[in-house]
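Trainee: Got a sequence here, can you build the structure:
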Amino acid sequence: MSRVCDLTGKRAMVGNNVSHAMNKTKRKFSVNLVKKRFYLAEEDKWITLRVAASTIKTINKNGIAAVLKKAKADGFIK
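Mentor: Now for the predicted structure:
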């Protein structure tokens, strides 16, 4: 299962570890994913999503319905 946020599409980034001697080796910056249940009041049901911690903050600010609508418009969910 790939580590991708269900609502925003955030995924791991690639960068370098840089030592004191400026040697560079590849590394990954993983996404902080959390499996979380959300309640949809309009449909009277619970849904489980794997979302980034930053996405949870956005949901708290804007509401789950607005974030789902934007994710559908952006093509992350069908």
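
Trainee: Parallel or antiparallel, which strands does the helix or strand hosting residue 50 pair with?
Mentor: Residue 50 belongs to strand 45-52 when assigned by DSSP states H and E. Its sheet considered, strand 45-52 pairs with strand 33-40 (antiparallel) by DSSP bridges.

Trainee: for the strand it pairs with, which positions count as buried?
Mentor: By neighbour count on 16 or more other Cβ atoms under 10 Å, the buried set for strand 33-40 is 33, 38. Every C-beta, even on glycine, is put in place using the N, C-alpha and C of the backbone.

Trainee: What of stretch 54-64?
Mentor: For stretch 54-64, a neighbour-count test (16+ other Cβ under 10 Å) marks 55-56, 58-59, 64 as buried.

Trainee: which residue ranges form the helices in the protein?
Mentor: Counting by DSSP state H, the chain has helices at residues 53-62, 64-74.

Trainee: Need these in TSV (columns: distance to residue 25).
Mentor: Below are the helices of the chain laid out as TSV (distance: least, Cβ to Cβ, whole Å):
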stretch	distance to residue 25
helix 53-62	27
helix 64-74	34
